[in-house]
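Visitor: Predicted structure and sequence below. I'll ask about it afterward.
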Amino acid sequence: MQLDDSAAQIWLWHQRLGHPSFTLLQKLFPSLFQHNNVSIFQCETCELAKHHRVSFPLSSNKSFAPFSLIHTDVWGPSRVVSLNGCRWFISFIDDFSRTTWVYLLKDKSDVFTVFQLFHKMVQTQFNTSIKTIRSENGGEYMSGTLQKYLHTHGIIHQTTCACTPQQNGVVERQNRHLLEVTRALLLTASVPKSYWGDALLTATYLINRTPSCVLDFKRPLEVLFSSVSSSNFIIPPRVFGCICFVHLHGQSSSKLDPCALKCVFIGYSPTQKGYKCYHPPSRKHLCQWM
């Protein structure tokens, strides 16, 4: 079917932003929907990636300050090992802003080390401390080392009742959302499942910068930083899995050698103003401005 320019732009942004709903896209880009009814857009990838039965009931309780309550959960093990050798991930969700932090894990025993890193990051970057965490009764959260660390720093640890994941519904829903977007990115790009770790981190990056109905269509980072500018994309978003060319800065052995490497775009660098790219033949991860 031949698409007009505005419809083609809608589909392009749908892929760039990790397959959000078309209702949300209508709020973000109203001009593109002037001649396009939102009901005509049906994404098969979204059906395959996001299909589910019943949602958990929403809680009416809400924190009044960032990091007063952190929801956390460990997902895994994945049957497919990620490119960097991970099979689990742990998520931390701020109840106030719904900003999400995700760390890939090679083993569940890494939970204590990762929580220490997350706690120190909160103290350094936000000049505050975590008041309460909420998790299930998994052994990785009930270990003596983590419990001693929480007691030492005055952090209250709330746990769910047995066989009642709904009591930790915020992280359950967010993990489902993360995995839905991750599946959508992988399916659209037709890349191997081993890319799931990079797709997950990309999904987290996109979700933190996408308006949420839970936040009255504000962005999680916008709520966290109380500034619209803080929620903007630092660099323009790209379609996950697209072909990209990384420039070789004077590294060619001769003037007749290629000036770039043909790579795959796999996300956004957390420490550099650039894109994460993967070169399959050499299995190298590169960072490049495109």
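Guide: Received, thanks.

Visitor: In the stretch 151-290 of the chain, where is pLDDT below threshold?
Guide: The model of the stretch 151-290 of the chain has pLDDT under 70 over residues 161-167, 227-233, 250-254, 289-290.

Visitor: would you list every one of the strands in it?
Guide: 156-159, 243-247, 260-268, 275-279, 284-288 (DSSP state E, counting those that start in this stretch).

Visitor: nearest to Phe217, of those?
Guide: Nearest of the strands of the stretch 151-290 of the chain to Phe217, taken as C-beta to C-beta: strand 260-268 at 22.7 Å. C-beta coordinates here come from the backbone N, C-alpha and C atoms, glycine included.

Visitor: Can you spell out which helices and strands pack onto the closest one?
Guide: helix 196-207, strand 243-247, strand 275-279, strand 284-288 (3 or more C-beta pairs under 8 Å, 6 or more residues apart in numbering; DSSP states H and E).

Visitor: Contact partners for the most centrally placed residue in the chain?
Guide: With distances taken as C-alpha atoms, centre = their mean, Thr204 lies nearest the centre of the chain, 0.9 Å away. The contact partners of Thr204, taken as C-beta atoms under 8 Å, 6 or more residues apart in numbering, are Thr100, Trp101, Val102, Leu178.

Visitor: So which of the helices and strands packed on strand 260-268 is nearest Asn84?
Guide: Across these, closest to Asn84 is helix 196-207 (C-beta to C-beta), at 6.1 Å.

Visitor: buried ones in the closest one?
Guide: For helix 196-207, the neighbour count (16 or more other C-beta atoms under 10 Å) marks Trp196, Gly197, Asp198, Ala199, Leu200, Leu201, Thr202, Ala203, Thr204, Tyr205, Leu206, Ile207 as buried.

Visitor: Dump those residues to JSON lines, plus distance to Gln26.
Guide: Below are those laid out as JSON lines (distance: C-beta to C-beta, whole Å):
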{"residue": "Trp196", "distance to Gln26": "30"}
{"residue": "Gly197", "distance to Gln26": "32"}
{"residue": "Asp198", "distance to Gln26": "29"}
{"residue": "Ala199", "distance to Gln26": "25"}
{"residue": "Leu200", "distance to Gln26": "27"}
{"residue": "Leu201", "distance to Gln26": "27"}
{"residue": "Thr202", "distance to Gln26": "23"}
{"residue": "Ala203", "distance to Gln26": "21"}
{"residue": "Thr204", "distance to Gln26": "24"}
{"residue": "Tyr205", "distance to Gln26": "22"}
{"residue": "Leu206", "distance to Gln26": "18"}
{"residue": "Ile207", "distance to Gln26": "18"}
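
Visitor: need the strands of the stretch 151-290 of the chain in CSV with mean neighbour count and distance to Pro236, can you?
Guide: What follows is the strands of the stretch 151-290 of the chain, written out as CSV (neighbours: other C-beta atoms under 10 Å; distance: least, C-beta to C-beta, whole Å):
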stretch, mean neighbour count, distance to Pro236
strand 156-159, 14, 40
strand 243-247, 16, 13
strand 260-268, 20, 10
strand 275-279, 20, 10
strand 284-288, 16, 13
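
Visitor: May I see those arranged in CSV, with distance to Ile234 as well?
Guide: Below are the strands of the stretch 151-290 of the chain laid out as CSV (distance: least, C-beta to C-beta, whole Å):
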stretch, distance to Ile234
strand 156-159, 34
strand 243-247, 17
strand 260-268, 8
strand 275-279, 11
strand 284-288, 13
